[in-house]
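[1] A structural model of the following input is requested.
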Amino acid sequence: MVSTDSASTPSLRDDARTIGLVGLAHGSSHFFQLLLPPLFPLFIRDFGLSWSEVGLLVTVFFVISGIGQALAGFVVDRVGARPVLYAAMGLFIASALAAAGAQGYAGLMASAVLAGLGNASFHPVDFTILNHRVSQARLGHAFSVHGVTGNLGWAAAPVFLAGAVALSGSWRVAYLGAALLGALVLAALVWQRDALDDRAGRAAAARKALQAPEEHPLAFLKLASVWLCFGFFFWTTAALAAIQSFASPALQRLYGLPLSATAFVVTGYMLCAAAGIVVGGFLVGRVQRLERTIGIAMTAAALVLLLAASGWLPGGVAAVAVALAGIGTGLASPSRDMLIRRAAPPGATGRVYGMVYSGLDVGFAAAAPVFGALLDHGHAAGVLQGAALALFAAVGSAALVGVSLAAKPRAVATPA
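    Residues are numbered from 1 along each chain as shown. Below you'll find the model as predicted:
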């Protein structure tokens, strides 16, 4: 068993195995976040639903995930990350089976609830394992891989589901395939379970916590940087909600593009974001005030989205532009995760990541019905314009995070 808090330093092989398994799990969680949205047009056709109704499925998913994520951090800190990870994968498999058997809106809602419960624990689980098992020298790259695999999961979901529907002619078969995929991932995680064991790291963190002045379990909520990072997550994911669930139909209406062309915009956006994350993984250790770079990159992404919303571009160019905007949001990911780590008091890694990452769920939950309503009322351009405004707000949050951490005494920023 390996821990970064133990006397021995993990080998490259040990670190790579842990990082790879956590990345696989994280990619799976992002895949199941998009279990329903890629097939929204088919649900509207088969069940007579509106865009607002299918948008509510996204809201329910992220409300449950957000509340659960804040609470899951306490569970992870108490019982460990690995058993919680296995339970979460089981819930994802159940959500895919519920979608496969859905006979109407209630069945789709059940799938959204189960997937939200499964998604709730992933960030507290993932970052607890990485912080407790991966060596300090490779931690920035671990965060980068974590972000890349998440984006690859988002990118894979529309392709997998649309491809399965095209091959089988049935969206129910596509969801049975998704359940099988989840079962294979769970089997791999159980097979390599020793690389996910965080017990030694949790014990070391508990010893550190005993040496520090005793604080209330919720004391971390007093840290300004925690709430500023929460806000950053909220705005960036509000923008992402617009792109993931509604950019494709918005581009169809604005430019008359076929679904076969716009369906891959989300995949392109996620792949571009993954490329940005890779670059961000190198920048996190080389740039002193990374929030400035984040601000420039995300402002550029927002301007590109506004240009696509204007209707001035050729349709194909607009679709490519929306995909390229993902580079800006990707650059921010590794540095954001490192800043959160510095804000986490000893022994509170799961709680801090759970609370901060619940901003992701709140952003998705709040944004989905708003953008769905814009489409229902014929404001297709408003989807991309709203995403751009959310990115501008995220730039402001990132700037305030930098100011907060620069003003904070170094001792407070000791890693968990």
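[2] Only C-alpha atoms from now on, for both contacts and neighbour counts.
    OK.
[3] who touches residue 113 in this structure?
    Shown in contact with residue 113 (C-alpha atoms under 8 Å, 6 or more residues apart in numbering): 60, 61, 64, 95.
[4] Tell me who's in contact with residue 115.
    Applying C-alpha under 8 Å, 6+ apart, the residues near residue 115 are 32, 33, 61, 91, 92, 94, 95.
[5] Repeat that for residue 139.
    Applying C-alpha under 8 Å, 6+ apart to residue 139 gives the contacts 130, 131.
[6] Hmm, residue 334 is touching residue 276, no?
    No - applying C-alpha atoms under 8 Å as the test, residue 334 and residue 276 come out as separate, 9.7 Å apart.
[7] that older thread, take the contacts of residue 115 and lay them out in TSV including neighbour count and secondary structure.
    Output for the contacts of residue 115, formatted as TSV (neighbours: other C-alpha atoms under 10 Å; DSSP: H, G, I helix; E, B strand; the rest coil):
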residue	neighbour count	secondary structure
32	25	helix
33	23	helix
61	26	helix
91	20	helix
92	29	helix
94	20	helix
95	30	helix
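[8] how many neighbours does residue 159 have?
    Close neighbours of residue 159, defined as other C-alpha atoms under 10 Å, add up to 16.
[9] Could you verify my assumption that it touches residue 266?
    No - with contact defined as C-alpha under 8 Å, residue 159 and residue 266 do not form a contacting pair (9.5 Å).
[10] what helices or strands is the lengthiest helix in the chain leaning on?
    Ranked by number of residues, the top helix in the chain under DSSP state H is helix 224-255. Secondary-structure packing of helix 224-255 (3 or more C-alpha pairs under 8 Å, 6 or more residues apart in numbering; DSSP states H and E): helix 259-262, helix 265-283, helix 315-324, helix 326-343, helix 349-376, helix 380-407.
[11] show me where the stretch 1-150 of the chain has helices.
    12-33, 40-47, 51-79, 81-100, 105-119, 122-133, 139-168 (DSSP state H, counting those that start in this stretch).
[12] Would you mind finding the most buried of those helices?
    helix 122-133 (a mean of 27; mean count of other C-alpha atoms under 10 Å).
[13] relative to helix 51-79, how tilted is it?
    Angle between the axes of helix 122-133 and helix 51-79 is 30 degrees (criterion: axes from the mean of the first three to the mean of the last three C-alpha atoms, to 10 degrees).
[14] Now helix 122-133 - C-alpha only, CSV.
    Extracted C-alpha coordinates of helix 122-133, given in CSV (Å, rounded to 0.1, in the frame of the first residue of the first chain):
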residue,chain,number,x,y,z
PHE,A,122,-16.9,11.2,-7.5
HIS,A,123,-14.9,14.4,-6.9
PRO,A,124,-14.4,13.8,-3.1
VAL,A,125,-13.5,10.2,-3.9
ASP,A,126,-11.1,11.0,-6.8
PHE,A,127,-9.2,13.8,-5.1
THR,A,128,-8.9,12.0,-1.8
ILE,A,129,-7.3,9.0,-3.6
LEU,A,130,-5.0,11.2,-5.6
ASN,A,131,-3.9,13.4,-2.7
HIS,A,132,-3.3,10.4,-0.5
ARG,A,133,-1.5,8.1,-3.0
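[15] how near is the spatially closest residue to residue 24 that is not a sequence neighbour to residue 46?
    In this structure, residue 24 finds its nearest non-sequential neighbour in residue 149, 6.8 Å apart by C-alpha to C-alpha, 6 or more residues apart in numbering. For residue 149, the distance to residue 46 equals 33 Å [C-alpha to C-alpha, to the nearest Å].
[16] Kindly report the same for residue 370.
    23 Å.
[17] cool, and residue 53?
    Look at residue 53 and residue 46: by C-alpha to C-alpha, they are 13 Å apart.
[18] likewise residue 76?
    Counting by C-alpha to C-alpha, the gap from residue 76 to residue 46 is 40 Å.
[19] can you check residue 249 too?
    From residue 249 over to residue 46 (counting by C-alpha to C-alpha), the distance is 17 Å.
[20] With residue 235 instead?
    Separation of residue 235 from residue 46 (C-alpha to C-alpha): 33 Å.
[21] Also residue 85?
    34 Å.
[22] Low-confidence stretches in this protein?
    Residue ranges of the chain with pLDDT under 70: 1-9, 200-225, 260, 284-291, 336-353, 401-402, 404-416.
[23] I figured residue 359 hits residue 228, correct?
    No - shown here, residue 359 and residue 228 do not form a contact pair, counting by C-alpha under 8 Å, at 10.0 Å.
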